[in-house]
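**Student:** below are the sequence and a predicted model; questions follow.
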Amino acid sequence: MAEDRMLRVRALLDAVRADGRTALTAPEGKVVADAYGIAVPGEELARDVEEAVAYAARFDGPVVMKIVSPDILHKTDAGGVIVGVEGASDVRAAFHRIVENARAYDAGARVEGVQIQELLPKGQEVIVGAVTDPTFGKVVAFGLGGVLVEVLKDVTFRLAPVDADEALSMLDSIRAAEILRGVRGQAGVDRWAVAEQIRRVSRLVADFPEIAEVDLNPVIATAEGAIAADIRVILSDTPVKEHRRHTRAEILTSMRRLMQPRSVAVIGASNEQGKIGNSVMRNLVDGGFAGDIHPVNPRADDILGRKAYKSVTDVPGEVDVAVFAIPAKFVASALEEVGRKNIPNAVLIPSGFAETGEHALQDEIVAIAERYGVRLLGPNIYGYYSTWHDLCATFCTPYDVKGGVALTSQSGGIGMAILGFARTTKTGVSAIVGLGNKSDLDEDDLLTWFGEDPHTDCIAMHLEDLKDGRAFVEAARATVPKKPVVVLKAGRTAAGAKAAGSHTGALAGDDAVYGDILRQAGVIRAPGLKDMLEYARGLPVLPTPKGDNIVIITGAGGSGVLLSDAVTDNGLTLMDIPPDLDTAFRAFIPPFGAAGNPVDITGGEPPSTYEATIRLGLEDPRVHALVLGYWHTIVTPPMVFAELTARVVREFRERGVDKPVVASLAGDVEVEEACQYLYERGVVAYPYTTEQPVAVLGAKYQWARAAGLLGGGS
């Protein structure tokens, strides 16, 4: 059956192509809909007035009449749609008016007739569609439809094809989800019928890559079903670009030699201070890299005490990585030598390629690399750090604090911001990698490696674009169950939507699609650079929560209110404290304090009150995470609070009670030292902010759900 429907659609699309068209007419759209079980109203194509009268009489009640022309894409704009026509005389008048309007709109347009369509009952108008995204390929969309679609832009996206459960989740992903469930006495829509329309459209575009856009708008959703009042199908006028793919085994093999090399050659190594080749050499030597370091320079015999070679082909033995520190114009010829030497990885520091308009030069080096099987990192990068192997292959400042965070950036400037943050906060890293132009190696290669790297606990990536969004999603889905992935996506634009031929296409701005699909992949999306870095720093520190119940314990009512707002803003749940726990908290709170949630112990309380309430929150298994709000007083100084909190948390962890605890400290400058003390002991703490600690906690919850470690889905 599936083969038969595909053959029918294939024949139709081939005929449309042969006719030199990219847009299907309404009757052709119905053929596609019928083949894929997409529910549409009854309709007929009337080629003259009398056929229109006869067909309209077959439907019980008023009809919708629409122009059918391969040359008129937007029928309403052409005055080619009339709704609610009933009776022979009205049908005749509407037929003539529609044809006349079409002629006035485009005198040369071919008119095949007028579509007579059953008028659907009133219901909730939604849109179901699909579009070809340049990054992610086929993407299916759902949202409020009809006249609201371009006003509210309340639409959500997923990679196509989607299964039934994923399609159903889309109904809950729009802001107006409550309307679909039924409000103010109105019945909700048939959710499964709507989801089935989404699933079938997604299957259609997955089966036929040449379909650029599909629009079902509006779909009339009622308690009894969901029927598409209009279907628009647009074919692509350009071939579908195929991305070059490497197998997982190939990626891991080359990445292992890149990140754990035994031998590195520096092409363009120099003795002259101020040269990039000198800086790279010094960082490799001074950083303590234990492998072989081979300088390559045709005009030197010795560089930094190491024998220099005229060509990389002269270097003895196997080489894992060739680091390029030569001008762009010399890279191609040197890369040929790297290929002949069977070196698997080339790290291209030089700029002067596609980022400056030199696309041909970049294409040339990519072609050379593909010919020899060399993987390229860059060009236009600062290099990379692999701290657990004491490797600092960069011309920037060295960094050797080993830890579990892998950081990547597409920008050199952002890379250095990452470096400075890591140093200031003492964030140990497993790697810092520059990606630059991403002529070859990109985020999905790095994700695949870091997902398996035992030294990496969390991955944070700054990116401006993705070369192959589907490969990234595939790598993310394989990695997220094991460790968090944080992404900062720069460039929140909707460019490209302007030229779209459908409502769905016009709504599929870059950022909207990125946001939904990164979420679908289980990735945590950071709103800004500082957020990305703080998430990367904090996620490995916090234990994984075992449930949703969060309790706030605060010494200041104002902080408690702000912390409550932050909990809500981050999609977290304040625990509805049961009576017995409320009574237990009240035993430690002065009469003018407040139990409930937040638990307000007031600012004048001694350290014993903080300790007792924190203990109570950690002891009760119904409480899953604690948010602490501290207010600087002489009664309980900052370091006293920090020391007691760290001690209690450590005590419970030694007993096997390991809950996430975050803290906001308000006060004089002493709170900064207290926060550092807490952070180093497993309590994510920040001075002068109520938002940041809860945001990090929210990121931890988001990952736990995406990884399937907490109920509720991603």
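**Tutor:** Cool, the structure landed.
**Student:** max-length strand in this structure?
**Tutor:** Ranked by residue count, the top strand of the chain under DSSP state E comes out as strand 211-222.
**Student:** I'd like the next helix or strand past that one.
**Tutor:** Scanning forward in sequence from strand 211-222 by DSSP states H and E, the next helix or strand is strand 225-228.
**Student:** related to what we said a few turns ago, strands paired with the longest strand of the chain, and their directions?
**Tutor:** With DSSP bridges as the test, strand 211-222 is paired with strand 124-133 (antiparallel), strand 225-228 (antiparallel), strand 231-235 (antiparallel).
**Student:** and the next helix or strand after the last one, how far from the chain's centre?
**Tutor:** This means strand 231-235. Per DSSP H and E, strand 231-235 leads on to helix 248-259 as the next helix or strand towards the C-terminus. In this view, helix 248-259 has its centroid 24 Å away from the chain centroid, taken as CA atoms, centre = their mean, to the nearest Å.
**Student:** now the nearest residue to His389 once chain neighbours are set aside: how far from Ala406?
**Tutor:** Leaving aside its sequence neighbours, His389 sits nearest to Gln260 (CB to CB, 6 or more residues apart in numbering; 5.5 Å). (Each C-beta comes from the backbone N, C-alpha and C, glycine too.) With distances taken as CB to CB, to the nearest Å, Gln260 is found 14 Å from Ala406.
**Student:** ok, these two, which is more surrounded?
**Tutor:** Ala406 (29 against 16; other CB atoms under 10 Å).
**Student:** how deep is Gly656 tucked in, by neighbour count?
**Tutor:** Gly656 is flanked by 6 other residues according to other CB under 10 Å.
**Student:** name the element it belongs to?
**Tutor:** Applying DSSP H and E, one finds Gly656 in no helix or strand.
**Student:** and it, how close does it get to Lys546?
**Tutor:** 12 Å.
**Student:** one more: Thr247?
**Tutor:** For Thr247 relative to Lys546 (CB to CB), the value is 37 Å.
**Student:** likewise for Glu643?
**Tutor:** 27 Å.
**Student:** Thr247 and Lys546: which has the busier surroundings?
**Tutor:** Per other CB under 10 Å, whichever of Thr247 and Lys546 has more neighbours is Lys546, with 15 against 8.
**Student:** what about the more buried one, which SS state?
**Tutor:** coil (DSSP: H, G, I helix; E, B strand; the rest coil).
**Student:** can you count the residues close to the closest residue to it other than its chain neighbours?
**Tutor:** Closest residue to Lys546 apart from its sequence neighbours, by CB to CB, 6+ apart: His624 at 5.6 Å. His624: 20 surrounding residues under other CB under 10 Å.
**Student:** next, His624: phi, psi?
**Tutor:** Dihedral pair for His624: phi -110, psi -20, per degrees, to the nearest 10.
**Student:** what pLDDT does it get?
**Tutor:** If you check His624, the pLDDT there is 98.
**Student:** look up how far Gly617 lies from it.
**Tutor:** 10 Å.
**Student:** got it, and Gly225?
**Tutor:** Counting by CB to CB, the gap from Gly225 to Gly617 is 49 Å.
**Student:** what do you get for Gly403?
**Tutor:** Per CB to CB, Gly403 is found 29 Å from Gly617.
**Student:** looking at those two, which is more packed in?
**Tutor:** Neighbour totals were compared for Gly403 and Gly617, and Gly617 leads with 28 against 19 (other CB under 10 Å).
**Student:** about what we covered before: which ones are touching the residue nearest to Lys546?
**Tutor:** Pro545, Lys546, Gly547, Asp548, Asn549, Ile550, Met575, Lys659, Pro660 (CB atoms under 8 Å, 6 or more residues apart in numbering).
**Student:** looks like Ile614 contacts Val551 (just checking).
**Tutor:** No - the criterion here is CB atoms under 8 Å, and Ile614 misses it with Val551 at 9.9 Å.
**Student:** for this structure, which spans come out with low pLDDT?
**Tutor:** Applying pLDDT under 70 to the chain flags the ranges 1, 146-152, 185, 240, 492-510, 593-594, 711-714.
**Student:** Asp190: neighbour count?
**Tutor:** The burial metric for Asp190, expressed as a neighbour count using other CB under 10 Å, is 17.
**Student:** and Glu318, how many residues sit next to it?
**Tutor:** 14.
**Student:** so what sits opposite the closest residue to it other than its chain neighbours in the bridge?
**Tutor:** Once flanking residues are discounted, Glu318 sits nearest to Ser263: 6.2 Å by CB to CB, 6+ apart. For Ser263, the beta-bridge partners under DSSP bridges are Asp292.
**Student:** what number of residues lie near Ser263?
**Tutor:** The number of residues near Ser263, taken as other CB under 10 Å, comes to 19.
**Student:** who touches it in this structure?
**Tutor:** Applying CB under 8 Å, 6+ apart to Ser263 gives the contacts Gly291, Asp292, His294, Gly317, Glu318, Val319, Asp320, Val321.
**Student:** please redo it, this time with the cut-off set to 10 Å
**Tutor:** 257, 289, 291-294, 315-322, 343 (CB atoms under 10 Å, 6 or more residues apart in numbering).
**Student:** over to Arg622?
**Tutor:** Neighbours of Arg622 in contact, by CB under 10 Å, 6+ apart: Gly547, Asn549, Val551, Met575, Ile577, Pro578, Asp580, Leu581.
**Student:** what about the last one, helix or strand, and which?
**Tutor:** Okay, so that is Leu581. Per DSSP H and E: Leu581 is located in helix 579-586.
**Student:** next, the buried residues of that helix.
**Tutor:** Across helix 579-586, burial judged by 16 or more other CB atoms under 10 Å covers Leu581, Ala584, Phe585.
**Student:** dump the residues you listed to TSV, plus distance to Gly357.
**Tutor:** Below are the buried residues of helix 579-586 laid out as TSV (distance: CB to CB, whole Å):
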residue	distance to Gly357
Leu581	65
Ala584	68
Phe585	65
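**Student:** before we move on, back to that, intersection of neighbour lists for Gln260 and Ala406?
**Tutor:** Jointly contacting Gln260 and Ala406 under the rule CB under 10 Å, 6+ apart are Ser386, Trp449, Asp453, His455.
**Student:** now neighbour count too, for those residues, in CSV please.
**Tutor:** Output for these, formatted as CSV (neighbours: other CB atoms under 10 Å):
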residue, neighbour count
Ser386, 24
Trp449, 25
Asp453, 23
His455, 20
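**Student:** now His96: how far from Gly84?
**Tutor:** The gap separating His96 from Gly84 is 17 Å, by CB to CB.
**Student:** with Gly225 instead?
**Tutor:** Separation of Gly225 from Gly84 (CB to CB) stands at 21 Å.
**Student:** okay, the two: which has more neighbours?
**Tutor:** Counted by other CB under 10 Å, Gly225 and Gly84 do not tie: Gly225 has more neighbours, with 19 against 12.
**Student:** the nearest residue to the more buried one once chain neighbours are set aside: what's it in contact with?
**Tutor:** Of all residues not flanking Gly225 in the chain, Ala193 sits nearest, at 4.6 Å (CB to CB, 6+ apart). By CB under 10 Å, 6+ apart, the contact set of Ala193 is Ala39, Val219, Ala221, Thr222, Ala223, Glu224, Gly225, Ala226, Ile227.
**Student:** pretty sure the fifth one is touching Gly182, no?
**Tutor:** Yes - counting by CB atoms under 10 Å, Ala223 sits close enough to Gly182 to count as a contact (8.2 Å).
**Student:** list residues touching both of those two?
**Tutor:** Counting by CB under 10 Å, 6+ apart, the residues touching both Ala223 and Gly182 are Gln124, Gly188, Val189.
**Student:** can you tell me which residues contact the last one?
**Tutor:** Spelled out, it's Val189. Listed by CB under 10 Å, 6+ apart, the contact partners of Val189 are 123-124, 126, 171, 179-182, 219-226.
**Student:** picking up where we left off before, could you report the distance from the residue nearest to Glu318 to Thr135?
**Tutor:** Distance, Ser263 to Thr135, by CB to CB: 36 Å.
**Student:** surely Leu407 is in contact with Leu419?
**Tutor:** Yes - between Leu407 and Leu419 a contact is recorded at 8.5 Å, counting by CB under 10 Å.
**Student:** ok, what's across the strand from the nearest residue to Gln124 once chain neighbours are set aside?
**Tutor:** Closest residue in space to Gln124, ignoring its immediate chain neighbours: Ala221 at 4.7 Å, by CB to CB, 6+ apart. Beta-bridge partners for Ala221, by DSSP bridges, are Gln124, Ala226.
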